[in-house]
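Chemist: what's the 3D shape of this:
(12 chains)
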There are 12 protein chains.
Amino acid sequence: MKDPVYKLIELTGTSTNSIEDAVDQAVKRAHKTVKDLCWFQVVETRGSIAKGEVDHWQVTIKVGFVVGR
Amino acid sequence: MKDPVYKLIELTGTSTNSIEDAVDQAVKRAHKTVKDLCWFQVVETRGSIAKGEVDHWQVTIKVGFVVGR
Amino acid sequence: MKDPVYKLIELTGTSTNSIEDAVDQAVKRAHKTVKDLCWFQVVETRGSIAKGEVDHWQVTIKVGFVVGR
Amino acid sequence: MKDPVYKLIELTGTSTNSIEDAVDQAVKRAHKTVKDLCWFQVVETRGSIAKGEVDHWQVTIKVGFVVGR
Amino acid sequence: MKDPVYKLIELTGTSTNSIEDAVDQAVKRAHKTVKDLCWFQVVETRGSIAKGEVDHWQVTIKVGFVVGR
Amino acid sequence: MKDPVYKLIELTGTSTNSIEDAVDQAVKRAHKTVKDLCWFQVVETRGSIAKGEVDHWQVTIKVGFVVGR
Amino acid sequence: MKDPVYKLIELTGTSTNSIEDAVDQAVKRAHKTVKDLCWFQVVETRGSIAKGEVDHWQVTIKVGFVVGR
Amino acid sequence: MKDPVYKLIELTGTSTNSIEDAVDQAVKRAHKTVKDLCWFQVVETRGSIAKGEVDHWQVTIKVGFVVGR
Amino acid sequence: MKDPVYKLIELTGTSTNSIEDAVDQAVKRAHKTVKDLCWFQVVETRGSIAKGEVDHWQVTIKVGFVVGR
Amino acid sequence: MKDPVYKLIELTGTSTNSIEDAVDQAVKRAHKTVKDLCWFQVVETRGSIAKGEVDHWQVTIKVGFVVGR
Amino acid sequence: MKDPVYKLIELTGTSTNSIEDAVDQAVKRAHKTVKDLCWFQVVETRGSIAKGEVDHWQVTIKVGFVVGR
Amino acid sequence: MKDPVYKLIELTGTSTNSIEDAVDQAVKRAHKTVKDLCWFQVVETRGSIAKGEVDHWQVTIKVGFVVGR
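Modeler: Sure thing, here's the model as predicted:
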């Protein structure tokens, strides 16, 4: 494709383990409906707290993918 | 769902009444096509002016909702 | 006018009632000296407090209008 | 006081009614423990959604007050 | 439509010619699936480099369009 | 002038041709009423869309000029 | 509580292990003096370097908690 | 005046001495044409360099003043 | 202390003399109630104007200090 | 190279013609001393004005390139 | 050294493992040519995606070090 | 030089005296290795605290200079 056009969608992945795992969850979920995922950018890192400990990491990312012609 | 993934979409609601009403319009419209709306964040507040008075409030929000597995 | 040029001025409207009213005050004041007001953007929302309650809402906006050729 | 020093604290007020009411809640709560509140600045406007309608307005503000010598 | 609601989507257009052409590519691609495109805002301008010269201009825009009732 | 003072005004130039032309329009318009224009900074690049193509480039700039003593 | 009010405090947690551990340290420390911690947001990620390797991860977060009526 | 409206103008003051002096220059110049100046906010601090030393401090401020009814 | 945790508080110092003096006032006031102050970051520089001259410099800083275990 | 490391340098290219040409000038100049240039990001677009017309476009970019092992 | 001067350089480290490892790669590479590295700040976190999974974490940092007199 | 290209480097100057002196230290240090310094922009103002008083002002600037052809 000579001059590709990309679309970016915004997702928040969550995980009880790590920031990386929260991003992975979001990327894997996006892959279920969109095939040509190319890159992501972290937009925001937050989390919920329960009983004085981090409960869920909540990482918002933008994911870019090629849109067909 | 153990580790939910959320999607965020960006909408601009408009209203001749108030900022709150413009947000309501956008949320209600999103609800017509997406069911599990969870939260919103105001991104920008603008408006059009006619005859020296505020005509439409234009409020851009991001709306987050759970995406099924 | 084929390719209009707009000027933006920055104003802070104040009101004891609401954010919308503070914006209205600023737009109406601008209209006294400039006629072709087109749009506004909210830049900042602040306020003064008196006796533990919000006293004045202070909303800073940019107002755009057509400048004649 | 010749050269006052102010402290700023950050609060999120919530309301089912309006953005202004959410700010009022936060200011009134701050007033219970701090007396010389002077001003506030809106930092972020968010909200929760239930059944496709805005449930709670959540407005985060910074509140400034004089700290005694 | 009395109080229209708009949706914004984010796209990255690319071009070997110019920034304007990269935006055009993204707008034209969006037009293939969405009809009532109204406006765009440039979010970011980047590019790839090959052999010490700009290879592709990559311009990310948000495109706004009316969503039907 | 030993220590010059500059004023900055904000303008939005528009053009059906290019970003550069939109800036040129704004600068030329400013020059009609202010003589000693020195520099500009691009604040925002937007545009209107008609029939699925870019209609007008809308570029907001700040223009700085010397204010006489 | 019908319309809860939250307070946000800002902390920098440090760790020789990971970003997540630095956040954990800050959250656990906050829990010693404040009970109803609800959420956190990452504000900044920095670190010190010793002998050409990352020494301490320094992660600044805002932590939100319910303030009693 | 019950609900005052303020206008903000943007100026760059310059000085070979200090940041404070550059701000003073801009405020004094504004005072020549506008009387009810109330406050200023520093927007940007830059400077020119000559022979490896700071030549002029260039401080851009916004100045707010009451606009008559 | 192996992995220290720091708290950041936000203060606005004021001075009729200079930006540095306004910061000093805020730091000295913080020192009256908190002992282990480590660093500060300037968040915003503003000021009040009286009779066309800068009256008070108002500098908002974040101050970081070690919180005991 | 398994896990490449990139360095980013910041340059301001200038041109009397266009924004694209100003970027080209900066990229070409960087290529004289650094070989593996990969991408650029536009940081700021400014310009000088002479006789009421744009004189030089001044575009600041970050340029990224692989650093050898 | 009484009043040290620091230089900051910007690097993007990459890793298939984690954000921390990507930062480590960048710091270690910087250490090869510069000795007195003191601190880093994370500027941006991105990544590439291959086959629907995160391929490389790409973390851009600024690294500060003392420059000799 | 018809269309000069500038390079920007980032430095943190420190001083026990003032913000201006910290900037001067950084500019003078840059001048030792680079000759055609043209301008600087203040990026961040921080400082260290010792015994409840400002110890060192730490001012980060970008310095721009002409790069030869």
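Chemist: use CA for all of it now, contacts and neighbours both
Modeler: Noted.
Chemist: Let me see the ranges of the helices in chain A.
Modeler: A:19-33 (DSSP state H).
Chemist: Tell me where it has strands.
Modeler: Under the criterion DSSP state E, chain A contains strands at A:5-15, A:37-50, A:53-67.
Chemist: wait, which of the ones you listed is closest to chain L?
Modeler: Among the strands of chain A, strand A:37-50 comes nearest to chain L, with 22.0 Å by Cα to the nearest Cα.
Chemist: List, one by one, the residues from chain A near chain B.
Modeler: By the rule Cα under 8 Å from any Cα of the partner chain, the part of chain A lying against chain B is A:Ile9, A:Glu10, A:Leu11, A:Thr12, A:Gly13, A:Thr14, A:Ser15, A:Thr16, A:Gln25, A:Ala26, A:Arg29.
Chemist: Can you narrow those down to the ones near chain E?
Modeler: Among the residues of chain A next to chain B, chain E is touched by A:Ile9 when using Cα under 8 Å from any Cα.
Chemist: what is the spatially closest residue to A:Val63 that is not a sequence neighbour paired to in the beta sheet?
Modeler: Closest residue to A:Val63 apart from its sequence neighbours, by Cα to Cα, 6 or more residues apart in numbering or on different chains: A:Phe40 at 4.3 Å. On the basis of DSSP bridges, A:Phe40 is bridged to A:Val63, K:Gly47.
Chemist: Does A:Phe40 touch A:Gly64 like I think?
Modeler: Yes - using Cα atoms under 8 Å, A:Phe40 and A:Gly64 qualify as a contacting pair, with a distance of 6.1 Å.
Chemist: So these two - more neighbours on which side?
Modeler: Neighbours per residue (other Cα atoms under 10 Å in any protein chain shown) separate A:Phe40 from A:Gly64, with A:Phe40 holding more: 26 against 23.
Chemist: Report the contact partners of the more buried one.
Modeler: Neighbouring residues of A:Phe40 by Cα atoms under 8 Å, 6 or more residues apart in numbering or on different chains: A:Ile61, A:Lys62, A:Val63, A:Gly64, K:Arg46, K:Gly47, K:Ser48, K:Ile49.
Chemist: top of those by neighbour count?
Modeler: That'd be A:Ile61 among the contacts of A:Phe40, by other Cα under 10 Å, with 27 neighbours.
Chemist: Quick check: pLDDT value at it.
Modeler: On pLDDT, A:Ile61 comes in at 98.
Chemist: A:Val42 too?
Modeler: Note for A:Val42: predicted pLDDT of 98.
Chemist: next one: A:Lys2
Modeler: For A:Lys2, the model assigns a pLDDT of 84.
Chemist: now, which of the contacts of A:Phe40 sits nearest G:Val5?
Modeler: Among the contacts of A:Phe40, A:Ile61 lies closest to G:Val5 (Cα to Cα), at 28.5 Å.
Chemist: close enough to count as contact, that closest one and A:Ile19?
Modeler: No - counting by Cα under 8 Å, A:Ile61 stays clear of A:Ile19, with 11.2 Å between them.
Chemist: re the thing from before, which one of the strands of chain A has the most crowded surroundings?
Modeler: strand A:5-15 (a mean of 25; mean count of other Cα atoms under 10 Å in any protein chain shown).
Chemist: orientation of that one relative to helix A:19-33 in degrees?
Modeler: Here the directions of strand A:5-15 and helix A:19-33 differ by 130 degrees (axes from the mean of the first three to the mean of the last three Cα atoms, to 10 degrees).
Chemist: Sheet partners, orientation included, of strand A:5-15?
Modeler: strand A:53-67 (antiparallel), strand B:5-15 (antiparallel), strand E:6-15 (antiparallel).
Chemist: ok, and what's touching the last one?
Modeler: If I follow you right, that is strand E:6-15. The contact list for strand E:6-15 (Cα under 8 Å, 6+ apart) reads A:3-9, B:9-13, E:21-26, E:56-67.
Chemist: If you compare the directions of it and strand E:37-50, what angle comes out?
Modeler: Strand E:6-15 and strand E:37-50 meet at an angle of 30 degrees, taking the same axes, to 10 degrees as the criterion.
Chemist: Tabulate the CA atom coordinates of strand E:6-15 in CSV.
Modeler: Extracted in CSV, the C-alpha atoms of strand E:6-15 (Å, rounded to 0.1, in the frame of the first residue of the first chain):
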residue,chain,number,x,y,z
TYR,E,6,-20.9,14.5,16.9
LYS,E,7,-18.5,11.7,17.1
LEU,E,8,-14.7,12.2,16.7
ILE,E,9,-12.4,9.5,15.3
GLU,E,10,-8.6,9.6,15.2
LEU,E,11,-6.7,8.8,12.0
THR,E,12,-3.1,9.1,10.8
GLY,E,13,-2.8,10.0,7.1
THR,E,14,0.5,9.5,5.3
SER,E,15,2.0,11.1,2.2
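Chemist: From chain D, how far out is A:Thr33?
Modeler: According to Cα to the nearest Cα, to the nearest Å, A:Thr33 and chain D sit 24 Å apart.
Chemist: what's around that residue, how many residues?
Modeler: Neighbour count of A:Thr33, defined by other Cα under 10 Å: 8.
Chemist: which stretches of chain A have low pLDDT?
Modeler: Applying pLDDT under 70 to chain A picks out residues A:1, A:69.
Chemist: again, only using 90
Modeler: A:1-2, A:35, A:68-69 (pLDDT under 90).
Chemist: I'd assumed A:Gly47 was in contact with A:Gln58.
Modeler: Yes - applying Cα under 8 Å, one finds A:Gln58 in contact with A:Gly47, separated by 4.9 Å.
Chemist: who's in contact with the residue lying closest to A:Leu37 once chain neighbours are set aside?
Modeler: In space, A:Leu37 comes closest to A:Phe65 once its chain neighbours are excluded; the distance is 4.3 Å by Cα to Cα, 6+ apart. Applying Cα under 8 Å, 6+ apart to A:Phe65 gives the contacts A:Tyr6, A:Lys7, A:Leu8, A:Val34, A:Lys35, A:Asp36, A:Leu37, A:Cys38, A:Trp39.
Chemist: Fine by me, we can end here.
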